[in-house]
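1. Mind looking at a prediction? Sequence and model below.
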Amino acid sequence: TNGTKRMKKLEKRTKVYLLDRTKIADPVNFSSWKDFLPKERWEKTVRPVREEDRKTELAAWLLLYHALKEWEIPEESIRADGAYCYGEHGKPERKKKEVCFNLSHSGKYVMCVVSDVEVGCDIEKIQKVRWKLAKRFFSEGEYDILEKLKEENPGAEEELFTRFWVLRESYVKKTGEGLGLSLEGLDFSGISGYKGKKNGKALKESFFEWEYDGYRIAVCEEKDGEPELVVCSRTIDNCFL
């Protein structure tokens, strides 16, 4: 029945997919990809001048394709022209809204998350603290923690800075409001139970985090069950086609 199908969908676990884009060949050298991708996606994939950017675009599509197939979205619907659009602030989404997804990339990694609720994700390679950025966007508590950590354990502040940043980005991308509207008042200095605060009040969203191969990963969504992280390490043909 429709009710049973709806319940089955609601019980699906959020999944996070990660792929090293260096495992992918430059899409402009393989015209067969053109028939596999929706027209607008192919155009977006081959438009960048830099090879690494083309690989990033292709990796993002391959992850999304794989994720939607596992979500039991019909093949023809996944690859249909015009099946994807952008929200008011540029958040990508399915026109039919039968599943929510989000994409992110940093360095050599591309990630995709799919869920039955609005979701945001971010991945960043652990980097040196950008103090001006921290001063502008971080809470007083977060900034103080970073300064103290730098004095007590030089170098450790880099991972914490990156952690604070990906948590923010995942929230911004989940809400779809844009950086300027969503960053104000956020505070993750005392994050526990997968929660953060905004303007002193606990956020309704849950946050999930991973450290992987020198990168910090964060996912933000409105449910408490921890997502499954899937690292796609097989060959591209076996993993997606």
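-> It's in.

2. right, and the helix or strand after the helix or strand bottoming out on mean pLDDT in the chain?
-> Every helix and strand of the chain was ranked by mean pLDDT, DSSP states H and E. The lowest is helix 2-10, at a mean of 44. Where DSSP states H and E defines the elements, the next helix or strand beyond helix 2-10 is strand 15-20.

3. now for that following strand, which elements pack on it?
-> Strand 15-20 sits against helix 51-70, strand 109-115, strand 215-221, strand 228-232, with contacts defined as 3 or more C-beta pairs under 8 Å, 6 or more residues apart in numbering; DSSP states H and E. (Each C-beta comes from the backbone N, C-alpha and C, glycine too.)

4. name the element the residue sitting nearest the centre point of the chain belongs to?
-> The structure's the chain has its C-alpha centroid closest to residue 121; by C-alpha atoms, centre = their mean the separation is 2.8 Å. In this assignment (DSSP H and E), residue 121 forms part of strand 119-125.

5. Could I get the buried residue list for stretch 201-217?
-> Neighbour-count burial for stretch 201-217 flags 203, 205, 206, 207, 208, 210, 215, 216, 217 (criterion: 16 or more other C-beta atoms under 10 Å).

6. Tell me who's in contact with the second one.
-> Pointing back at residue 205 there. 171, 174, 195, 196, 220, 221, 222 (C-beta atoms under 8 Å, 6 or more residues apart in numbering).

7. now do the last one
-> Residue 217 makes contact with 16, 18, 111, 121, 122, 123, 166, 209, 210, 211, 229 under the criterion C-beta under 8 Å, 6+ apart.

8. Can you tell me which of those residues is closest to residue 96?
-> Within these, the smallest distance to residue 96 is 21.0 Å, found for residue 121 (C-beta to C-beta).

9. That closest one reaches residue 111, doesn't it?
-> Yes. Between residue 121 and residue 111 there is a contact at 5.9 Å, judged by C-beta atoms under 8 Å.

10. so where is the protein shaky, pLDDT-wise?
-> Applying pLDDT under 70 to the chain flags the ranges 1-11, 178-182, 191-194, 233-241.

11. State the distance from residue 210 to residue 228.
-> Counting by C-beta to C-beta, to the nearest Å, the gap from residue 210 to residue 228 is 11 Å.
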